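1. Kindly generate the corresponding structure for this input.
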Amino acid sequence: MNLAAVVPLSQKAAYLRTLPAIRERCGKVYELATQGKLQYFDYHPENEALAVDLCIEIMKKHYGEENFVAKIPPHGRWRHLDAGAPRVQNLLQSWSSGPNPIDIKEQGRRTIDLFIVSVLLDAGAGNVWKYEEKQSGKTFSRSEGLGVASFRMFENGFFSSVPDQPYRTDAEGLAKVTSQRVSEAMQVTSENPMVGVDGRTALLSKLGEALKAHPEYFGKDGRPGNIIDFLQNEAQGSVLPLAALWHVLIDGLSTIWPSRIVLADLPLGDVWPCPALSAASDVKLEESEDLVPFHKLTQWLTYSLMEVFQNVLKWDIAGVEDMTGLPEYRNGGLLVDLGVLTLKDGALSIDPKSGLPHAQPSHPAIVEWRAMTVIELDRIATGIRKALNLTEDQLTLAQILESATWTGGREIAKQKRPQTGGPPIEIDSDGTVF
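-> Reported below is the predicted structural model:
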């Protein structure tokens, strides 16, 4: 009896929106790689040692030779918001001081309001766009530029509907967001183009709709920070189960993502078919068995919000081991640039301008690349800990993403492609995946 056939589609759909499903399905793609059965990539595990050595070298370069692990912050949006200056901490201090200090819970709500919109604006901006911060006179690009820009937008009340309260994001404020306003706030011009402006704007608009549609999470005023009140009832004392935070984000924000695949009337989000899974099977796969979930932006949001709960509200988070490395072009680019993964000949068309292979996020090659990235990040993390004689508790995956793989992917990209610093495979992004 085929048990997969009797599992309701609704149950399969719900499973594909869980964190454990990410590793499980990506693991199946990895197994094909070990057998040489991927359709677009060849896998070279002997080069993983190069990645481990480079990552350790980068960690020590940035954090020192001795006792550096304690200095490494987790991977999260906080780093980008603080590029060049401690903006978030300064903002928190301003709320705590003065004649009318803001209580800790409201500080947490405001910080979550900021982080959620900032993450949704964080998809790759392209190799050209830059943001000049008038307050400091400094210029930022890529994730840091998007972070600083979104911070200033939040500070100026861009996402708020309350005239005398700029430090707020709510459904009514998001309803007023347009591509033109986003472009102006992010200094986008024909000479300073940004990839995916319309996609970002659509995400913010849909965020507003989702906030209104789920008052059980976001309150009657449709505010992201109100998840604190919901999650306080899910916490056990000051310990918040990660699964509760994940449920709020994956369920409450599911409608903001483009409707790529819908299963049993449930939009799956960042989930894609991987034809290699079907091609390698001796029997026809049941519906959904060839789908691979990533939920990259939701995971990036989760990593980012975890810091708010831990540092602002002083809550502990239980179950963080379910989180995976982020399947995006910095982490994945590291693997390609170091030869852990190599594209098969003729696998992708070459962009005549850049001379690099390129594809849409939905392309099976990109799905293979991202699935392999998830598993390889686990393997590289294990190699780093073994070399440094550390446990998973002593050096977390979030710290490795921040200090090693993501940074390493960016640094090696700059070495190999100094003009752009872009990834070895170009992704034609619309701002809703990467």
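
2. Quick one: the strands in the protein, in order.
-> Under the criterion DSSP state E, the chain contains strands at 41-43, 130-132, 139-141, 239-241, 262-263, 266-267, 271-273, 291-293, 316-318, 341-343, 358-359, 426-427.

3. Could you list which residues are in contact with Ala365?
-> Gln39, Tyr40, Phe41, Leu343, Ala347, Leu348, Ala359, Ile425 (C-beta atoms under 8 Å, 6 or more residues apart in numbering). Every residue, glycine included, has its C-beta placed from N, CA and C.

4. can you pull up the bridge partners for the third one?
-> The partner list for Phe41 in beta bridges (DSSP bridges) reads Leu343.

5. Name the residues of stretch 39-56 that come out as buried.
-> Neighbour-count burial for stretch 39-56, with 16 or more other C-beta atoms under 10 Å as criterion, is recorded at Gln39, Tyr40, Phe41, Tyr43, Glu48, Ala51, Val52, Leu54, Cys55, Ile56.

6. Just the CA trace of that stretch, in CSV.
-> What follows is stretch 39-56, C-alpha atoms only, in CSV (Å, rounded to 0.1, in the frame of the first residue of the first chain):
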residue,chain,number,x,y,z
GLN,A,39,20.2,17.7,-13.9
TYR,A,40,22.2,21.0,-13.8
PHE,A,41,25.0,20.6,-11.3
ASP,A,42,27.9,18.3,-10.5
TYR,A,43,28.8,17.9,-6.8
HIS,A,44,32.5,17.9,-5.7
PRO,A,45,32.5,17.1,-1.9
GLU,A,46,36.3,17.1,-1.9
ASN,A,47,36.2,20.9,-2.2
GLU,A,48,34.1,21.4,1.0
ALA,A,49,37.4,21.6,2.9
LEU,A,50,38.3,24.7,0.9
ALA,A,51,35.0,26.3,2.0
VAL,A,52,35.7,25.4,5.6
ASP,A,53,39.2,26.8,5.5
LEU,A,54,38.1,30.0,3.8
CYS,A,55,35.3,30.5,6.3
ILE,A,56,37.6,30.1,9.3
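
7. what does it contact?
-> Residues outside stretch 39-56 that contact it (C-beta under 8 Å, 6+ apart) are 33-34, 36, 275-276, 279, 334-335, 338-344, 347-348, 364-365, 368-369, 372, 376, 379-380, 383-384, 387-388, 400, 404-405, 408, 412.

8. If you go by neighbour count, which of these are buried?
-> The buried subset of the contacts of stretch 39-56 - by 16+ other C-beta under 10 Å - is 33, 276, 334-335, 338, 340-341, 343, 347-348, 364-365, 368-369, 372, 376, 379-380, 383-384, 400, 404-405, 408, 412.

9. Could you tell me which of these belong to helices?
-> In helices, judged by DSSP state H, the following of those are found: 33, 276, 334-335, 364-365, 368-369, 372, 376, 379-380, 383-384, 400, 408, 412.

10. Tell me the pLDDT of the nearest residue to Pro275 once chain neighbours are set aside.
-> The shortest distance from Pro275 to any non-neighbouring residue, by C-beta to C-beta, 6 or more residues apart in numbering, is to Pro364 (5.0 Å). Looking at Pro364, its pLDDT is 97.

11. Pro364 reaches Leu277, doesn't it?
-> No - using C-beta atoms under 8 Å, Pro364 makes no contact with Leu277, being 10.0 Å away.

12. who's in contact with Thr178?
-> So Thr178 contacts Thr201 (C-beta under 8 Å, 6+ apart).

13. What does the pLDDT read for it?
-> Looking at Thr178, its pLDDT is 96.

14. now do Gly147
-> You'll see Gly147 listed with a pLDDT of 96.

15. Just confirm it contacts Ser118, I think it does.
-> Yes - between Gly147 and Ser118 there is a contact at 6.0 Å, judged by C-beta under 8 Å.
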